[in-house]
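Asks: Please work out how this folds:
(chains A and B)
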Amino acid sequence: MISEAILSAGVGAVVSGVLSKTLDSPQKCYLALQSELKVNSQELQVSCQDGILHNSLLIEAKHKHLNNKLTINTGKRPIRIYLTSIYGEDCTKAVTLTDTGFILNTKEIVGDGLYSLRYDTTLPDVKKFVDAMVDIKKAKEVPHEDTTEYWMHAELKHPQALKGTYGRLSLEDIDFIINVGVSSDIKEVIPPNFQKEMTYALEMLRETDSHRMFQKGQQYIYSKRSRTNDDDIMTVLSGLQTLFASKKFEKFITVNNKFTYSDCIRGVDTYRNVPFPTWPKTMSVISKTDLNLNQCAAEGTVIYKKNDFVEEVRKIFGK
Amino acid sequence: MLVTSLYVPENCLQLEKFPAHILWDKEQKVTISLTVPDNIILKEIYNISPSGNNFIKENEVTLSEFDVNGYVGFVFESMEYHKARISEVIKFTITSEGVTEYYNKEILLFRQNIKISHTPNTIKILYDEASDSYYPDNKIHLKNVGDGTAKVVVQISKDQNVTIQPPDKYQEFIAKFRDALFKHFGELSAEYTKYSNEINRIRDFLMYTGTVDTKLRDEFIELTEKLESIFLTDDDFSESFARSFTQAYLENFNIIANIEQFSNFLNSVNSGKILIENALNHVVIPNGSLPITIELLVTDVANNTYPTIQLTQIQFTSEKDAHIPLYLLFEIDPELRPENPQLKEVKKHD
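Replies: Got it, this is the predicted structure:
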């Protein structure tokens, strides 16, 4: 079925206010530099994970022996700025940072030379910017338990906006969070004796009569012996927690195609009102990708190596 | 080959949106046609020119003018199907200078499908003196014959003299936990003033005890997404935020014995892709005999809601006023899956 409104409503050059706001400062910079210098190119990169706009310009003197101080308004103080000649000479001393941008002493820009000017500024609301520019979709669940491959997809909503009047724009490190379900895999390997062991331990702790406490203790030890290792309950639980540390869990994850792996974070616990760590319902895997005019759409997968993970859990439970 | 990439995901939850794209050689001028099945809605097309020759005819759309040549993006949405697992095919045709390429992309659309395998006519609540607890002589059997996880909230039909509530100790714990969290969030808000708006909003949500409607749920989802993005960029704040919860828990830890709760938790762990969200809550059954109608509110992991399942009436009897954890009333039956996962129904197209 096709929505009748789609060709009018979903179409074309709708450059949102968010985008205009983001490009306002680089455009002003371009025009200000253009008044005294020749701007050969401008490349803008938005680092979506950090919320930073990188602006790189290739500039050239129009006249010899310039002697002006150009005030460039970038809206806020740049995080960092570099000016280098085409021969690699550092000329950053020609730049003075201000609270609203920087001042470029064009006296230092000698005629016939090419210079690379690069500066970084923070974006006010990078999430809003990414939402305006990119359609992000991902698998919220996979269809059957044997499938452990989660798809991810990013596509540009308005690629023409990346062409820009004053320079090309690209988006880097667009991040995705895929929640990989691990809870059911852990449940699969919990030995029934572990549950019994928990119950006996609980009864033993509750008991006030020393004779009955001894009896419960014997039952507890008996149930514990049915496992192959002799860790107590809290050691087993604690061993389980280490599996969900980023460095440990990442070996069960592979990220493919146009995406790269970034990190993984423990998700919410399976049952919310248990007041101590058990195990998470999911692990959040963070991946990232880039979009630009040469790559308007990107697809990728997060593969969770379930069998390897289950094997590790099995070892912890002493199975 | 005209097309360098044509993507449709292999699977998606029913009722959810899914993407697609086509990339082709930028130097080639192409015409793209696609045929969309009846139960799939084409919601968005990205990068087509408003002034171009783009047409819609019933279930088919033809596109030939693009803002930036070499790319077109789509967003589709599936409806809910009668079948819990079904494959659909979206057909693409790409033509350029007498060359035509055809692509049929299949997508598996799935959802949960909870079935009641057994509802007892009667459930007698028995008392175990040794453990000072109650247990039922019969259980309600559930199974999920679909593919997606079913999230279930158990409730009792209105106008019945029975309530579901957190265990007594939880009420005390939750009250103290909330107080502690309120205090810690106040400190957090003062320390991270740039996030004070988000902190105060999440604090208000956590303190809220009224009913949750769709608007409130959407606001909460939006807020959690905002917080997630902050966590990704600010490790210090992320750690401090998590610490607020941990501290609030630990300060009130002694109210509930951890091993006891964990033991209960293990008992409530269910396989079969059914998650009873209020499993640890208690149903309070008064002394005597009374008919009770239990309802299951069903959602999936994307928070899509499904019709409420109403069980046939069960006659509950108890010799005392009894509190019984909900998980004890249910048994989850395993679902036998076909040996060959390829055995899936494909909807036929003309």
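Asks: ok, now which ones touch A:E36?
Replies: A:62, A:66, A:68, A:70, A:106 (CB atoms under 8 Å, 6 or more residues apart in numbering or on different chains). To be clear about C-beta, it is placed using only N, CA and C from the backbone, and glycine gets the same treatment.
Asks: give me that answer again for 6 Å
Replies: Applying CB atoms under 6 Å, 6 or more residues apart in numbering or on different chains, we find A:E36 in contact with A:68, A:70, A:106.
Asks: ok, it to A:E43 distance?
Replies: Separation of A:E36 from A:E43 (CB to CB, to the nearest Å) stands at 21 Å.
Asks: gap between the residue lying closest to B:E191 once chain neighbours are set aside and B:P166?
Replies: The shortest distance from B:E191 to any non-neighbouring residue, by CB to CB, 6 or more residues apart in numbering or on different chains, is to B:S240 (7.0 Å). Taking CB to CB as the measure, B:S240 and B:P166 are separated by 28 Å.
Asks: With A:K107 instead?
Replies: 74 Å.
Asks: any idea which helix is longest in chain B?
Replies: Ranked by number of residues, the top helix in chain B under DSSP state H is helix B:168-191.
Asks: quick one, helices of the stretch 151-300 of chain B?
Replies: Secondary structure of the stretch 151-300 of chain B (DSSP state H, counting those that start in this stretch): helices located at B:168-191, B:196-207, B:214-233, B:235-251, B:258-268.
Asks: likewise the stretch 151-300 of chain A?
Replies: For the stretch 151-300 of chain A, the helices defined by DSSP H, counting those that start in this stretch cover A:160-163, A:183-189, A:192-206, A:210-225, A:233-242, A:246-249.
Asks: mean pLDDT for these: which is lowest?
Replies: Lowest mean pLDDT within those: helix A:192-206, at a mean of 61.
Asks: can you count the residues close to residue 173?
Replies: Assuming you mean chain A. 16 (other CB atoms under 10 Å in any protein chain shown).
Asks: Actually, chain B is the one I wanted.
Replies: If you count neighbours by other CB under 10 Å, B:F173 ends up with 21.
Asks: returning to what we had before: the residue nearest to B:E191 and B:T35, how far apart?
Replies: With CB to CB as the criterion, B:S240 and B:T35 are 53 Å apart.
Asks: next SSE after whichever strand or helix holds A:Y30?
Replies: Under the criterion of DSSP states H and E, A:Y30 resides in helix A:17-34. Per DSSP H and E, the first helix or strand lying C-terminal to helix A:17-34 is strand A:37-47.
Asks: That following strand: partners in the sheet, and parallel or antiparallel?
Replies: strand A:52-61 (antiparallel), strand A:168-181 (parallel) (DSSP bridges).
Asks: okay if I get those as TSV plus mean pLDDT?
Replies: Formatted as TSV, those follow (pLDDT from 0 to 100):
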stretch	mean pLDDT
strand A:52-61	90
strand A:168-181	89
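Asks: For the residue nearest the centre of chain B, give me the backbone phi and psi.
Replies: With distances taken as CA atoms, centre = their mean, the residue of chain B nearest its centroid is B:V301 (2.0 Å). Dihedral angles of B:V301 (phi, psi; degrees, to the nearest 10) stand at phi -70, psi -20.
Asks: Spatially nearest residue to it (excluding sequence neighbours)?
Replies: Using CB to CB, 6+ apart, the closest residue to B:V301 is A:E141 (4.8 Å).
Asks: so what's the closest residue to A:V46 other than its chain neighbours up against?
Replies: What sits nearest to A:V46 in space, not counting adjacent residues and going by CB to CB, 6+ apart, is A:L171, at 5.1 Å. The contact partners of A:L171, by CB under 6 Å, 6+ apart, come to A:46, A:48, A:291.
Asks: Mind doing that once more with 7 Å?
Replies: By CB atoms under 7 Å, 6 or more residues apart in numbering or on different chains, the residues touching A:L171 are A:46, A:48, A:133-134, A:290-292.
Asks: how many neighbours does residue 183 have?
Replies: All of this is about chain A. 20.
Asks: switch to chain B, that's the one I care about
Replies: Neighbours around B:K183, by other CB under 10 Å: 14.
Asks: Same question for the one 3 residues further on.
Replies: Under the neighbour criterion other CB under 10 Å, B:G186 is assigned a count of 15.
Asks: what's the answer for B:I274, then?
Replies: 21.
Asks: Show me the shaky parts of chain A.
Replies: When residues are selected by pLDDT under 70, those of chain A lie in A:1-18, A:63-67, A:110-112, A:144-147, A:166, A:187, A:190-238, A:269-278, A:318-319.
Asks: And the stretch 251-350 of chain B, by the same measure?
Replies: B:251-272, B:335-350.
Asks: Okay, strands next: where are they in it?
Replies: Here the stretch 251-350 of chain B has its strands, by DSSP state E, counting those that start in this stretch, at B:274-276, B:282-285, B:288-292, B:294-299, B:305-310, B:314-318, B:322-325, B:330-332.
Asks: Any idea which of those gets closest to chain A?
Replies: strand B:274-276 (7.8 Å; CB to the nearest CB).
Asks: what's that closest one packed up against?
Replies: Contacts defined by 3 or more CB pairs under 7 Å, 6 or more residues apart in numbering or on different chains; DSSP states H and E place strand B:274-276 against strand B:150-156.
Asks: And chain A, is the strand it packs on touching that?
Replies: No. Judged by CB under 7 Å from any CB of the partner chain, strand B:150-156 makes no contact with chain A; its nearest approach is 10.6 Å.
Asks: all strands for the stretch 51-200 of chain A, in order.
Replies: Using DSSP E, counting those that start in this stretch, strands in the stretch 51-200 of chain A cover A:52-61, A:69-73, A:80-85, A:95-98, A:101-105, A:114-122, A:134-138, A:149-156, A:168-181.
Asks: Return the most buried member of those.
Replies: Mean neighbours per residue, mean count of other CB atoms under 10 Å in any protein chain shown, is largest over the strands of the stretch 51-200 of chain A for strand A:149-156, with a mean of 25.
Asks: What pairs with that one, parallel or antiparallel?
Replies: strand A:134-138 (antiparallel), strand A:297-304 (antiparallel).
Asks: middle-most residue in chain A, spatially?
Replies: Central residue of chain A (CA atoms, centre = their mean): A:D175, at 3.6 Å.
Asks: check contacts around it.
Replies: So A:D175 contacts A:48-49, A:262, A:286, A:288, B:232 (CB under 7 Å, 6+ apart).
Asks: domain ranges for chain A?
Replies: A:2-124, A:133-189+A:233-319, A:192-228 (automatic domain parsing).
Asks: In TSV, list those along with distance to B:N113.
Replies: Output for those, formatted as TSV (distance: least, CB to CB, whole Å):
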stretch	distance to B:N113
domain A:2-124	28
domain A:133-189+A:233-319	12
domain A:192-228	28
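Asks: Burial-wise, tell me which of those domains comes out on top.
Replies: Sort the domains of chain A by mean neighbour count, taking mean count of other CB under 10 Å, and domain A:133-189+A:233-319 sits at the top with a mean of 19.
Asks: Relative to A:N68, how far out is B:I199?
Replies: 47 Å.
Asks: And the helices in the stretch 1-150 of chain B, which stretches?
Replies: According to DSSP H, counting those that start in this stretch, the stretch 1-150 of chain B contains no helices.
Asks: one step back: what's the most buried one of the helices of the stretch 151-300 of chain B?
Replies: helix B:258-268 comes out most buried of the helices of the stretch 151-300 of chain B by mean count of other CB under 10 Å, with a mean of 19.
Asks: one step back: as JSON lines, the contacts of A:E36 with distance to chain B would be great.
Replies: Shown next, in JSON lines, are the contacts of A:E36 (distance: CB to the nearest CB, whole Å):
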{"residue": "A:N68", "distance to chain B": "37"}
{"residue": "A:L70", "distance to chain B": "32"}
{"residue": "A:T106", "distance to chain B": "36"}
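Asks: with the residues you listed in mind, which one is nearest to B:N161?
Replies: Proximity of the contacts of A:E36 to B:N161 (CB to CB) peaks at A:L70, which lies at 80.6 Å.
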